[in-house]
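K.L.:
this one's structure only:
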């Protein structure tokens, strides 16, 4: 079963953390990844795997959605 993905125009992970709804350290611990990985996602330097993106959506209760987590390939 796919979790509720929230609105198409959901907040970014960075907005979620800036709003005080979570923090990098606790998110990393909960997801079982390094704080370095979460920082890369927060600042848009990398995208999480699809599996991790689903876990982030679930962890944030849908406030952060797939649309904001997964970067689309740039046109050639």
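P.N.:
Nice, thanks for sending it over. Owing to the predicted nature of the structure, the values given are computational and were not obtained by experimental measurement.
K.L.:
can you map out the helices along the protein?
P.N.:
13-18, 24-31, 35-42, 50-59, 66-69 (DSSP state H).
K.L.:
Would you point to the one among these that's packed deepest?
P.N.:
helix 66-69 (a mean of 20; mean count of other Cβ atoms under 10 Å). The C-beta positions use only the backbone N, C-alpha and C, and glycine is treated the same way.
K.L.:
Does residue 34 touch residue 27 like I think?
P.N.:
No. With contacts counted by Cβ atoms under 8 Å, residue 34 stays clear of residue 27, the gap being 11.0 Å.
K.L.:
Can you lay out the helices of the chain as a markdown table showing mean pLDDT?
P.N.:
A markdown table is the format used below for those (pLDDT from 0 to 100):
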| stretch | mean pLDDT |
| --- | --- |
| helix 13-18 | 94 |
| helix 24-31 | 96 |
| helix 35-42 | 96 |
| helix 50-59 | 96 |
| helix 66-69 | 89 |
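K.L.:
Based on its surroundings, how many neighbours for residue 32?
P.N.:
Other residues within reach of residue 32, judged by other Cβ atoms under 10 Å, total 9.
K.L.:
What residues does residue 60 make contact with?
P.N.:
Residues near residue 60 by Cβ atoms under 8 Å, 6 or more residues apart in numbering: 13, 16, 21, 22.
K.L.:
wait, which of those residues is closest to residue 45?
P.N.:
residue 13 (11.7 Å; Cβ to Cβ).
K.L.:
ok, now which ones touch the closest one?
P.N.:
41, 42, 56, 60, 64, 68, 69.
K.L.:
which one among those residues gets closest to residue 50?
P.N.:
residue 69 (9.1 Å).
K.L.:
Could you list which residues are in contact with that closest one?
P.N.:
13, 41, 47, 48, 53, 56, 57.
K.L.:
ok, which pair from the residues you listed is furthest apart?
P.N.:
Using Cβ to Cβ for every pair in these, the one that comes out farthest apart is 47 and 57, at 13.2 Å.
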